[in-house]
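Got a sequence here, can you model it:
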Amino acid sequence: MYLKSVELLRDKIPSTVDYPFHLPAIRSLGKLHFTHKVTFFVGENGSGKSTLLEALAYQSGFHTAGGGRHNNYQVHASGSALASYIRLGWMPKITNGFFLRAESFYHFASHIDEVDGGGFSRYGGRSLHQQSHGESFLNLFLHRFNEKGIYLLDEPEAALSPTRQLSLLRIIRDLSGHSQFIIATHSPILLGYPGAQILSFDGSTIREIAYEETEHYYVTRQFLTNREPMLEELFLDEED
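Residues are numbered from 1 along each chain as shown. Got it, this is the predicted structure:
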């Protein structure tokens, strides 16, 4: 492990009513400790998990639209509203790694088309734009994530089928001996990674929970075991 903690610098906060400090999970952030090589951020949309992950990426020197320390390209609004108000605790400090942001991956792929002179050897041998969304993600994981580092992933499941999510779990497992992963996700498959730390952003504070406590696990399990009753209740108003 490299990143041990993140701390909110409360004395620097300009206002608790403005973004992102109006979010309960961010506003209540004290000092958050990372205790495992693989950590997941979970929570509803708008709970603050991606906001914190983006700030971690910025403070780590990564491009907030996606990339590592040496990926420099222009993207509209590619900063971080939170980054100036947190302090990271490293042991030891590491500069290698990558920030994956699913929603802005297109911009990163375009940047690689412009600068890669090595035949896309770190991306499966082809332009990321010439691969399917899922192929480009998986080839990034397989070929770019091959050195010790810290890897910050924001909803990597967005382009991955269930089978390829399982492939990502194996990649994480293979790299976790010398790398650290912090992942914001809605995927009950990824959350099932054995021994991971799961931090929930739902509620008034960020708290550590078990896999079986996540809404992602509970709702998915209920749907798979009670599909027809759940759909009947969901569509009840339409029948009326």
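
In the chain, mark out all the strands, start to finish.
Listed in chain order, the strands of the chain (DSSP state E) span 3-8, 31-33, 38-42, 86-90, 97-101, 150-154, 180-184, 197-200, 207-209.

Could you give the number of residues near residue 117?
Residue 117 is flanked by 5 other residues according to other CB atoms under 10 Å. Just so you know, the C-beta spots here come from the backbone N, C-alpha and C atoms, and that holds for glycine as well.

Report pLDDT for it.
pLDDT for residue 117: 71.

Kindly report the same for residue 235.
92.

Give me the neighbour count for it.
Residues near residue 235, counting by other CB under 10 Å: 10.

Let me see the contact set for the closest residue to residue 195 other than its chain neighbours.
Among residues not flanking residue 195 along the chain, residue 36 sits closest, at 6.4 Å (CB to CB, 6 or more residues apart in numbering). The contact partners of residue 36, by CB atoms under 8 Å, 6 or more residues apart in numbering, come to 1, 195, 196, 197.

same question, residue 120
112, 126, 127, 128.

any idea how far it is from residue 129?
Per CB to CB, to the nearest Å, residue 120 is found 10 Å from residue 129.

can you tell me which residues contact the residue lying closest to residue 30 once chain neighbours are set aside?
Nearest residue to residue 30, sequence neighbours excluded (CB to CB, 6+ apart): residue 8, at 6.5 Å. Shown in contact with residue 8 (CB under 8 Å, 6+ apart): 26, 29, 30, 31, 85, 86.

Model confidence for residue 8, exactly?
You'll see residue 8 listed with a pLDDT of 96.

about what we covered before: could you measure from the residue nearest to residue 195 over to residue 42?
According to CB to CB, residue 36 stands 14 Å off from residue 42.

Return the set of residues that bridge with the residue nearest in space to the middle of the chain.
In the chain, the centroid-proximal residue (CA atoms, centre = their mean) is residue 154; its distance is 2.7 Å. Assessed by DSSP bridges, residue 154 has beta-bridge partners residue 101, residue 184.

I figured it hits residue 52, correct?
No. Residue 154 sits out of contact with residue 52 when judged by CB atoms under 8 Å, with a separation of 10.3 Å.

What part of the chain, helix or strand, is modelled with the least confidence?
Lowest mean confidence among the helices and strands of the chain (mean pLDDT, DSSP states H and E): helix 236-239, at a mean of 67.

Okay, domains of the protein per the record?
Domain segmentation of the chain under automatic domain parsing yields 3-209, 214-240.

tell me the most buried of the ones you listed?
domain 3-209 (a mean of 17; mean count of other CB atoms under 10 Å).
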